[in-house]
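Visitor: need a 3D model of the sequence below.
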Amino acid sequence: MKIIKLTENNLTQAVAASCEVLRNGGVVLLPTETVYGLVCPFQDKDAEERIYKLKMRDKNKRFAAFVKDYRSLAKYGLKITPLIAEMADTYCPGKITIIGECENGDTLGFRMPDHEFITALLTELDFPLSSTSANVSGEPNITCVEEAITSLNGEVDLVIDGGVIPENSLASTVVDCSKGDKAVILRQGGLVIDTKFL
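Guide: All right, here's what the predicted structure looks like:
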């Protein structure tokens, strides 16, 4: 397991190393502006299976997509409704996960993190990432990379150490936009939603 400590001078190298791992179907532990997370190529079943085992997560709980441009998820079946577009244009990038309905009746959640490293990573990649927080399911969110490494049930391929995330940082606010023209808050996190959307 390789560990890269982010500095002011190695962002490009850290992105390149992460891209190499992800293009080969690997799993990366990385920082966001909210908590530490785990990512792998979007809809890569083998890589997602590894994350389920690392987190000891219920396989009925889907992963959200990290994406550079939410409109690109239309090719994965997401219906870009006016509500989703307005919410994403208002709050993204930021501390919000938006869930929408897909053409096949399933749902898909997405997030556009407001974090320099992840923005650079998604810009380099030509696909979104399956993402989830790096804590074991049911345990508190993790803001320290050492804690993430020791708590997981196994090893990732690459660790990006972005330092300690402030303890008062909250996970993203999760909103369900799949049921009409109003959003429903499923988890209140670090972002407060304007009542006009609710």
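
Visitor: give me the number of residues near residue 44?
Guide: 18 (other Cβ atoms under 10 Å). Backbone N, C-alpha and C define where each C-beta goes, glycine included.

Visitor: kindly report the same for the one 3 residues further on.
Guide: If you count neighbours by other Cβ under 10 Å, residue 47 ends up with 22.

Visitor: please name every helix or strand in contact with the lengthiest helix in the chain.
Guide: Of all the elements of type helix in the chain, the one with the most residues (DSSP state H) is helix 11-23. If you count contacts as 3 or more Cβ pairs under 8 Å, 6 or more residues apart in numbering; DSSP states H and E, helix 11-23 packs onto strand 2-5, strand 28-31, strand 36-41, helix 116-124, strand 158-161.

Visitor: just how off-centre is the fourth one within its chain?
Guide: Same thing as helix 116-124. 12 Å (Cα atoms, centre = their mean, to the nearest Å).

Visitor: number the chain from 4, please
Guide: Right, with 4 as the first residue, what we last looked at is helix 119-127.

Visitor: run the angle between the helix or strand following that helix and helix 14-26 for me.
Guide: Later in the chain than helix 119-127, the nearest helix or strand by DSSP states H and E is strand 132-136. Between strand 132-136 and helix 14-26, the angle comes out at 100 degrees (axes from the mean of the first three to the mean of the last three Cα atoms, to 10 degrees).

Visitor: give the burial count for the residue nearest to residue 71 when sequence neighbours are not counted, as a bare number.
Guide: Closest residue in space to residue 71, ignoring its immediate chain neighbours: residue 125 at 4.0 Å, by Cβ to Cβ, 6 or more residues apart in numbering. Around residue 125 there are 22 other residues, counting by other Cβ under 10 Å.

Visitor: okay, which residue is most central for the chain?
Guide: For the chain, the residue nearest the mean C-alpha position is residue 134 (3.8 Å; Cα atoms, centre = their mean).

Visitor: could you check how far it is from residue 116?
Guide: Counting by Cβ to Cβ, to the nearest Å, the gap from residue 134 to residue 116 is 8 Å.

Visitor: quick one: stretch 106-118 to chain centroid distance?
Guide: 9 Å.

Visitor: er, stretch 141-160 I mean
Guide: For stretch 141-160, the distance to the chain centre is 15 Å (Cα atoms, centre = their mean).

Visitor: again with stretch 60-80
Guide: On Cα atoms, centre = their mean, the centre of stretch 60-80 falls 9 Å from the chain's centre.

Visitor: and if you look at stretch 24-44?
Guide: 8 Å.

Visitor: again, but for stretch 67-82
Guide: Distance, centroid of stretch 67-82 to centroid of chain: 12 Å (Cα atoms, centre = their mean).

Visitor: measure it end to end?
Guide: 15 Å (Cα to Cα, to the nearest Å).

Visitor: who touches that stretch?
Guide: With contact meaning Cβ atoms under 8 Å, 6 or more residues apart in numbering, stretch 67-82 is reached by 42, 45-46, 83, 87-88, 91, 95, 100-101, 103-107, 109, 111-116, 121-122, 125-126, 128, 131-135.
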